[in-house]
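> let me see the structure of the following:
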Amino acid sequence: MSSDVFERNVEKMIRRAGLRPDEARAKERFLRGLDAPEERKSWKLAAAAAAILVSVTIVWSARSERLVDHTTGQSSTPKPPPREPWSGMPIKAKGGNDLLIGRFVLRGKLRPPKAIFTGMVADQARPSSFPDGTFFSVRVHRMSEKLEGGRLVSYVRETTPGTEEFRKGEFSVEWEYRGPEMVVVDAFVSDAIQERAVVKAMKVPESKRTWTFEGSIWNQDVLWRLESQYPEAVDFVRELRAFVGRVEESSANETLFKSRQKALIAEAEKIQARAAAFGKKGLFPASMGVVEFAARDFVTWIPMFRWESGKFAAPKDYHSGKIATTFQGDPFVFDQYRRTLDEALTATGREFLLWLLRDADLAGLEEPHRKLLRDHALKPGVEDFAQRILQLPPVGGDYPALEAELRALKK
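Next up is the predicted model:
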């Protein structure tokens, strides 16, 4: 067979490999092959196998790393994976003393990923103040944020208690990594849970055996997550604000409102569910909490809307007869919800800045931080601090002081 004929045949096979399979034609050819004489079938099978091998080899080697969106038929290049410069590398925890220090490690390659806190003697060169077999009571507090009184406030979202044994100068506790978070670890050594020999060997009085450690837990994918989640969080807040306007417009006429009531309740329920899910897995729990609870208010109160003398009046609770209030305890007024959501929009910007600064505190304020900040420098909650942060040195910025300012939404 000449090389030209071979190349033409291979080209045809490659083109056919890219087409959708024709099941009817394939079945017909298969049955026709079964009816062939024995020697002819073996020749055909060998030839088919060789052809398939050549086609697959050439198509696979020429394949690009593009993905196809089957909803649009368009191909796209996948995004680069998030950077992971410290996954597996220890990060010193804040807190501790000359007896005990702590460190965090993220094992991102495990499935599921694990976050690990290790408490260890502060000076490895000196004999430990705690004998092997000492039991440490440990509580891992996974922190979150909420909007309260015009401030972003940290609170304990979840606590995991445990008891860990001290061996060779350290103890460790691990938990499943679910995404970037701030963690506080409390450790305490009580005589009540120790063996007698351990209590006798203890060199530290019980009153001095309490420690608190703080740390940031993530695999350095925060900037990558912020890039996509921040605009989405902003859209969530604005979507609910626009919804409030549509409810107010519809309530101007009782007949019109009744015709739209079911659709408005369904929309509020959808926003509430989406905000709840996004708030749990995302980086904006405070602002998404406001969206979730405000949407829940409308799910609750829309069925109780009423009109007096043809004009809309605030809804009343059927059972208590009291005028409805917002989830923050304010009177049910559309303008009040707009003010609340405007504050949530500012809080979204501040949460964005808090994550950016925490990431910079770990590895320094790098160009990716600055670029992301420049991209959103004019957004609510960001604009008041963007230039100050851009002027910070690569390392050595006073992040704690700046964080305290960021948390106060109102001056």
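
> from now on I want contacts and neighbour counts done on CA atoms only, so please keep to that.
Noted.

> where's Ala125, which helix or strand?
Secondary structure assignment for Ala125, by DSSP states H and E: no helix or strand.

> now for Gly162, how many residues are close by?
Gly162: 12 surrounding residues under other C-alpha atoms under 10 Å.

> what sits closest to it if chain neighbours are left out?
For Gly162, ignoring the flanking residues on the chain, the nearest one in space by C-alpha to C-alpha, 6 or more residues apart in numbering is Val138 at 5.2 Å.

> what residues does the one you found make contact with?
Contacts for Val138 were tallied using C-alpha atoms under 8 Å, 6 or more residues apart in numbering; they are Pro161, Gly162, Thr163, Glu164, Val185, Asp186, Ala187, Phe188.

> below-threshold pLDDT in the stretch 101-250 of the chain: ranges please.
219-220 (pLDDT under 70).

> roughly how far apart are the residue nearest to Gly162 and Leu345?
Per C-alpha to C-alpha, to the nearest Å, Val138 is found 37 Å from Leu345.

> what's the neighbour count on the spatially closest residue to Lys168 that is not a sequence neighbour?
Nearest non-adjacent residue to Lys168, counting by C-alpha to C-alpha, 6+ apart: Asp132, 6.5 Å away. Neighbour count of Asp132, defined by other C-alpha under 10 Å: 16.

> coming back round to it: surely the residue nearest to Gly162 forms part of a strand?
Yes: the assignment for Val138 by DSSP: H, G, I helix; E, B strand; the rest coil puts it in a strand.

> who does it form a beta bridge with?
Applying DSSP bridges to Val138 gives these bridge partners: Gly162, Ala187.

> ranges for the helices of the chain?
Per DSSP state H, the chain carries helices over the ranges 3-17, 23-34, 38-62, 196-201, 222-250, 254-281, 285-301, 334-363, 367-375, 386-390, 399-407.

> in JSON lines, list the ones you listed along with mean neighbour count and distance to Asp98.
Supplementary listing: the helices of the chain in JSON lines, determined by neighbours: other C-alpha atoms under 10 Å; distance: least, C-alpha to C-alpha, whole Å:
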{"stretch": "helix 3-17", "mean neighbour count": "12", "distance to Asp98": "68"}
{"stretch": "helix 23-34", "mean neighbour count": "11", "distance to Asp98": "74"}
{"stretch": "helix 38-62", "mean neighbour count": "12", "distance to Asp98": "59"}
{"stretch": "helix 196-201", "mean neighbour count": "14", "distance to Asp98": "19"}
{"stretch": "helix 222-250", "mean neighbour count": "17", "distance to Asp98": "32"}
{"stretch": "helix 254-281", "mean neighbour count": "17", "distance to Asp98": "37"}
{"stretch": "helix 285-301", "mean neighbour count": "23", "distance to Asp98": "36"}
{"stretch": "helix 334-363", "mean neighbour count": "20", "distance to Asp98": "23"}
{"stretch": "helix 367-375", "mean neighbour count": "15", "distance to Asp98": "35"}
{"stretch": "helix 386-390", "mean neighbour count": "16", "distance to Asp98": "34"}
{"stretch": "helix 399-407", "mean neighbour count": "15", "distance to Asp98": "23"}
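
> can you list these in TSV and add distance to Thr325?
Below are the helices of the chain laid out as TSV (distance: least, C-alpha to C-alpha, whole Å):
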stretch	distance to Thr325
helix 3-17	64
helix 23-34	63
helix 38-62	63
helix 196-201	57
helix 222-250	15
helix 254-281	17
helix 285-301	9
helix 334-363	10
helix 367-375	37
helix 386-390	36
helix 399-407	26
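
> for Ile101, which of these is the nearest?
Among those, helix 334-363 comes nearest to Ile101, with 17.6 Å by C-alpha to C-alpha.

> just checking, what packs against that closest one?
With contacts defined as 3 or more C-alpha pairs under 8 Å, 6 or more residues apart in numbering; DSSP states H and E, helix 334-363 has these neighbours: helix 222-250, helix 285-301, helix 399-407.

> so that helix versus helix 367-375, what angle?
160 degrees (axes from the mean of the first three to the mean of the last three C-alpha atoms, to 10 degrees).

> next, the angle helix 399-407 makes with helix 334-363.
Angle, helix 334-363 to helix 399-407, by the same axes, to 10 degrees: 170 degrees.

> tell me the mean pLDDT over helix 334-363?
The average of the pLDDT scores along helix 334-363 is 94.

> give me the nearest residue to the residue nearest the centre of the chain, chain neighbours excluded.
Centroid-nearest residue in the chain: Gly282, 3.3 Å away (criterion: C-alpha atoms, centre = their mean). The spatially closest residue to Gly282, leaving aside those adjacent along the chain, is Gln229, at 7.1 Å (C-alpha to C-alpha, 6+ apart).

> what does Ile116 give?
Closest residue in space to Ile116, ignoring its immediate chain neighbours: Glu174 at 4.3 Å, by C-alpha to C-alpha, 6+ apart.

> circling back: surely the residue nearest to Lys168 meets Gln194?
No: the pair Asp132 / Gln194 is not scored as a contact, 11.1 Å apart, by C-alpha atoms under 8 Å.

> hang on, the earlier thing: a markdown table for the helices and strands packed on helix 334-363, including distance to Leu362?
Converted to a markdown table, these look like this (distance: least, C-alpha to C-alpha, whole Å):
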| stretch | distance to Leu362 |
| --- | --- |
| helix 222-250 | 12 |
| helix 285-301 | 22 |
| helix 399-407 | 11 |
